[in-house]
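1. here is a sequence with its predicted model. Questions after.
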Amino acid sequence: MTAPRWSDKQVEHLVGNLLRHGVLGAAAVVLFGGLLLLAHHGLEPVQHTWATPEPAALRSLGGILAGALRLDARSVVQFGVVLLIATPIARVLLTLIAFTLQKDHLYTVITAIVLAVLFYSLFLSGAV
């Protein structure tokens, strides 16, 4: 028995929904974090510091997740940004799966290269 093939229309629908829900979900998380920031720090005086680096906990995925689970407002906002960045990566991964199931070898290879470049730029380029 062969794996079911996804039609181009089904893939287009799945990708559209993924992007829509990913962006809306990320926006909702950032909005929630912003409201938490206002609730906890809205009445504090503004500190005009220039180029103050983020705390170490907000520079790693583990630290962001731990802070977001504690409902730390800055971590929640940062987690929303991570979700926003992850959305197009999930789109590429979904299309890779779809092209593989469709047995479209050329687009499978091209999409795998795009995914490899994305992962390299995120994790191995030294930028993080």
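-> Everything's here; your move. None of the values given here were measured: they were computed from a predicted structure.
2. switch to C-alpha atoms for all contacts and neighbour counts from now on
-> Fine.
3. and what about residue 48, helix, strand or coil?
-> Three-state assignment for residue 48 (DSSP: H, G, I helix; E, B strand; the rest coil): coil.
4. how many other residues sit next to the nearest residue to residue 23 once chain neighbours are set aside?
-> Excluding its sequence neighbours, the residue lying closest to residue 23 (Cα to Cα, 6 or more residues apart in numbering) is residue 84, at 6.0 Å. A count of nearby residues for residue 84, using other Cα atoms under 10 Å, gives 20.
5. now swap in residue 54 and tell me
-> Applying other Cα under 10 Å, we find 9 residues neighbouring residue 54.
6. which ones are touching residue 37?
-> 73-74 (Cα atoms under 8 Å, 6 or more residues apart in numbering).
7. tell me the average confidence for the helix or strand harbouring it?
-> Element membership of residue 37, judged by DSSP states H and E, is helix 8-41. The average pLDDT within helix 8-41 is 93.
8. quick one: buried residues of that helix?
-> Neighbour counts over helix 8-41 (16 or more other Cα atoms under 10 Å) mark 11, 14-15, 18-19, 22-23, 25-27, 29-30, 32-34, 36-37 as buried.
9. ok, now stretch 78-86?
-> Of all the residues in stretch 78-86, those buried under the rule 16+ other Cα under 10 Å are 78-84.
10. give me the below-cutoff pLDDT ranges for this structure.
-> 1-4, 50-51, 125-128 (pLDDT under 70).
11. residue 93 versus the residue nearest the centre of it, what's the distance?
-> In the chain, the residue lying closest to the centroid (Cα atoms, centre = their mean) is residue 86, at 2.0 Å. From residue 86 across to residue 93, the span is 10 Å (Cα to Cα, to the nearest Å).
12. ok, residue 68 touching residue 79?
-> Yes - Residue 68 is within contact range of residue 79, at 6.8 Å (criterion: Cα atoms under 8 Å).
13. surely residue 57 is in contact with residue 63?
-> Yes - the criterion here is Cα under 8 Å, and residue 57 meets it with residue 63 at 4.4 Å.
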